[in-house]
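1. Need the 3D shape of this:
(4 chains)
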There are 2 protein chains.
Amino acid sequence: MTTTSPQGRTELLRPDGSPVRVLVVDDELSITELLSMALRYEGWQIRSAGDGTGAVQTAREFRPDAVVLDMMLPDMDGLAVLGRLRRELPDVPVLFLTAKDAVEDRIAGLTAGGDDYVTKPFSLEEVVARLRGLIRRSGAADRRSDSMLVVGDLTLDEDSHEVSRAGENIHLTATEFELLRFLMRNPRRVLSKAQILDRVWSYDFGGQANVVELYISYLRRKIDAGREPMIHTRRGAGYLIKPAAS
Amino acid sequence: MTTTSPQGRTELLRPDGSPVRVLVVDDELSITELLSMALRYEGWQIRSAGDGTGAVQTAREFRPDAVVLDMMLPDMDGLAVLGRLRRELPDVPVLFLTAKDAVEDRIAGLTAGGDDYVTKPFSLEEVVARLRGLIRRSGAADRRSDSMLVVGDLTLDEDSHEVSRAGENIHLTATEFELLRFLMRNPRRVLSKAQILDRVWSYDFGGQANVVELYISYLRRKIDAGREPMIHTRRGAGYLIKPAAS
DNA sequence: CTGGAACCTGTGATTTTCCTGAGAAACGCA
DNA sequence: TGCGTTTCTCAGGAAAATCACAGGTTCCAG
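-> Below you'll find the model as predicted:
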């Protein structure tokens, strides 16, 4: 089930209306805290664990709808944790966190059951988007929720990665896509450059803050070109997106 | 009966609308888990057993619509298990798992009765496809469900392995065929290279991830050559297939 | 009117990602 | 066994994406 909160954001809910439950497993405290904060902001209920043993225990009593699992844990191998988790919760989808260079060797077979993974360092938008996808497809949330974001005559499909305005297809790069997704998930709300950086760029990004300006500029060229603008600057505050009429 | 899920995937269902039931029998835990995951993702209901005795017991009360049976079990010979299964469930189709070098004539006789087999190491696409075929033909699922995948003017017949675009027949190798089938079973959805590897290549494949790029390249040469392309790259995300018009 | 802060955007270097030719190895079949 | 086919590795090159930098513009306060 999806509901629209008073702030205009769409939330995933379980069929009985209770919040989605997610278990986060990572040994780095900074990561679990970062993720917990971001996922709570989605309106989800979060528990975290720092090792495999704790993960299995917590899973047993918390019964999460999805698990975020680092492949590199101190006490046991990610695959071992996965096995035990599966025994407790056979149908729960898992989002794996892996180091960038470790991707190809140990991931084999993992995404086959509908699971997914992201590589460290990740962006929060990416994690949230993948989790939403997993939960949506697992059936823990109402199946009617679909993968389309719509603001005015602008649509974004999270499955096909297609974006169109007034029926016309628009090609976006990966970063542009994530930025637009973030804006569209928060329509009519001013998002500061800091917020955007924190969400759309990976957590270890060390570059200039004006990449945001740059990418806003790119988006405008593709989305607002020659049309009634939908992306607006709030000087000193940030940016927002809203339907053209109004 | 087939229904189309909100995600756009086609699911096999039993005539009464309940999910298809499959029993997986293998002594290697990693195999039963891999298969269980993948088959659950198809929307099927799965039970697994690690030996012949357990298989017969589970079959008795679970009444599966199909059985995946490893020929190499610790407690009894595959044939013995088959015999006892047949006593419980005379009409259930069986998909045998055999080692590559195992005697094939033994299997050949068995598959005459409508059963089928795949050799280890298998790809999940192959197992799923064969199971779907078995279930379809056994009549446990609605017979009207057919074996044709169609995307735009591109068609793929899962029974005859024939592929054609705009009426013109196209010859594909086995790997090309499985890759195209996977793409066509998920039209308009971006599939990552990891997903494709996990699904189309066998579970023990340890090679470079760029085989996917290579085979996409082969497919394009045969399917998109000189035509409006249907296979699209989403840089940094994966590949998708969709009808040419749109 | 003026100066400064905030924002916009053109240019181009760097990095990442993807494509594909060539050839080696494995396979299938006569 | 030998030959054609298929699968896969490797590596070079092309294309695309990302981002730093810097000069220009807009806005607002004083």
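2. Name the SS class of the residue nearest the centre of chain A, please.
-> Central residue of chain A (Cα atoms, centre = their mean): A:V128, 1.6 Å from the mean position. When classified by DSSP: H, G, I helix; E, B strand; the rest coil, A:V128 comes out as helix.
3. what sits against it?
-> By Cβ atoms under 8 Å, 6 or more residues apart in numbering or on different chains, A:V128 lies in contact with A:A38, A:L39, A:E42. All C-beta spots, glycine's among them, are computed from the backbone N, C-alpha and C.
4. Neighbour-wise, which one of those residues leads?
-> A:L39 (22 neighbours; other Cβ atoms under 10 Å in any protein chain shown).
5. Could you tell me whether that residue really is in a strand?
-> No. Using three-state DSSP, the secondary structure at A:L39 is helix, not a strand.
6. Provide a list of residues in contact with it.
-> So A:L39 contacts A:V22, A:V24, A:I46, A:V127, A:V128, A:L131 (Cβ under 8 Å, 6+ apart).
7. and what of A:E176?
-> For A:E176, the contact set (Cβ under 8 Å, 6+ apart) comprises A:Y215, A:Y218, A:L219, A:K222.
8. As a markdown table, these with distance to chain B, neighbour count and pLDDT would be great.
-> Below are the contacts of A:E176 laid out as a markdown table (distance: Cβ to the nearest Cβ, whole Å; neighbours: other Cβ atoms under 10 Å in any protein chain shown; pLDDT from 0 to 100):
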| residue | distance to chain B | neighbour count | pLDDT |
| --- | --- | --- | --- |
| A:Y215 | 15 | 19 | 98 |
| A:Y218 | 15 | 16 | 98 |
| A:L219 | 17 | 23 | 98 |
| A:K222 | 15 | 15 | 98 |
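9. quick one: which of those sit in helices?
-> Counting by DSSP state H, the contacts of A:E176 place A:Y215, A:Y218, A:L219 in helices.
10. Switch those over to a markdown table; also include distance to DNA strand C.
-> Below are the ones in helices among the contacts of A:E176 laid out as a markdown table (distance: Cβ to the nearest atom of the strand, whole Å):
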| residue | distance to DNA strand C |
| --- | --- |
| A:Y215 | 8 |
| A:Y218 | 8 |
| A:L219 | 9 |
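11. still on that earlier bit, just name the closest of the contacts of A:E176 to B:N169, please.
-> Using Cβ to Cβ, A:K222 comes nearest to B:N169 of the contacts of A:E176, at 40.0 Å.
12. isn't that closest one right next to A:I170, touching?
-> Yes. Counting by Cβ atoms under 8 Å, A:I170 is a contact partner of A:K222 at 5.3 Å.
13. neighbours of the closest residue to A:R234 other than its chain neighbours, just the number please.
-> In this structure, A:R234 finds its nearest non-sequential neighbour in A:V190, 5.0 Å apart by Cβ to Cβ, 6 or more residues apart in numbering or on different chains. Residues lying near A:V190 (other Cβ under 10 Å) number 13.
14. Next: the one 5 residues further on.
-> For A:Q195, the neighbour count with other Cβ under 10 Å is 16.
15. which ones are touching it?
-> A:Q195 neighbours (Cβ under 8 Å, 6+ apart): A:G238.
16. The helix or strand where it lies and DNA strand D in contact?
-> Using DSSP states H and E, A:Q195 maps to helix A:193-200. No. Between helix A:193-200 and DNA strand D, judged by Cβ under 7 Å from any atom of the strand, nothing touches; the nearest distance is 8.9 Å.
17. looking at chain A, which helix or strand is least sure?
-> Within chain A, no helix or strand scores below strand A:2-4, which has a mean of 48 by mean pLDDT, DSSP states H and E.
18. list the contacts for A:H232?
-> Residues near A:H232 by Cβ under 8 Å, 6+ apart: A:Y239, A:L240, A:I241, A:K242.
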